[in-house]
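Participant: Please work out how this folds:
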Amino acid sequence: VEIVAQSALLEGGSIAQGLGIGSLTAAVTGSFGWAMALRAAGGAGLLWGTQLAGIRRSPEPAPAAVPGGVATLQRSERRLDPTRSPLAIAGSVSLLASYLFDGHTVTAAPAVLVRLADLVHVVAAAAWVGGVAMLADTLHRRWRRGVPLEAGLLGLRFSRIAAAALGAVGIAGLILTWSILDSPGDLFSTAWGWTLV
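Facilitator: Numbering: from 1, shown residues only. Presented below is the predicted three-dimensional model:
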């Protein structure tokens, strides 16, 4: 989708012309092409790496009724530990690095500050969105297994991460806005500024 959008942008906004082989080829040359290659490689590494990092463990015995008494069954579940997979870590690094080759990070100045702010922005946003998704998944799995949800405790623990991530997104976003806009008035006099507001 990003490649087609970039191609259409190069063709003046025409998606039909942007789907041409010449336009698509032009879109993936240069730094944008590097960004797309890193995202594809990083996504594949993260996906396969997390599959490889899934391990089986038996958290606690579960009682089961059997003729003549109660037996204890070991209940297994798949747990994910991405730190056990160098491929998942390399994929994550590749995904993050892709943002150094794309968009305003290659055109705005000061370059080092903008690139650092962009990385912080992406990491913090990913931590927040990923944390919300994992929190919802954990609560759903606990509800299905019929175990106490402990939603308040989970929410409290996540709120620390979420607050830090929100603060980091805000600060990084202000730095990026400052570097991209020519003047504060651009917030209300340009389409990009209005979109940001």
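Participant: Can you find the helix or strand in this protein with the smallest mean pLDDT?
Facilitator: Every helix and strand of the chain was ranked by mean pLDDT, DSSP states H and E. The lowest is strand 69-74, at a mean of 50.
Participant: looking at this, A162 is in a strand?
Facilitator: No - using DSSP: H, G, I helix; E, B strand; the rest coil, the secondary structure at A162 is helix, not a strand.
Participant: What is the burial count for it?
Facilitator: For A162, the neighbour count with other Cβ atoms under 10 Å is 17. All C-beta atoms are positioned from the backbone trio N, CA, C, and that covers glycine.
Participant: Might one say that it is in contact with G130?
Facilitator: No - the criterion here is Cβ atoms under 8 Å, and A162 misses it with G130 at 10.8 Å.
Participant: Check which helices and strands the longest helix along the chain sits against.
Facilitator: Using DSSP state H, we find that the single longest helix of the chain is helix 111-145. Helices and strands touching helix 111-145, as assessed by 3 or more Cβ pairs under 8 Å, 6 or more residues apart in numbering; DSSP states H and E, comprise helix 86-98, helix 151-180.
Participant: of all the ones you listed, which lies closest to G20?
Facilitator: In terms of Cβ to Cβ, the element of the helices and strands packed on helix 111-145 nearest to G20 is helix 86-98, at 24.8 Å.
Participant: Tell me which residue is most central in the protein.
Facilitator: Central residue of the chain (Cα atoms, centre = their mean): A126, 4.0 Å from the mean position.
Participant: so what's that one scoring on pLDDT?
Facilitator: Here, the pLDDT recorded for A126 equals 92.
Participant: List the contacts of it.
Facilitator: By Cβ atoms under 8 Å, 6 or more residues apart in numbering, no residues touch A126.
Participant: any idea how far it lies from S23?
Facilitator: Computed as Cβ to Cβ, to the nearest Å, the A126 to S23 distance reads 31 Å.
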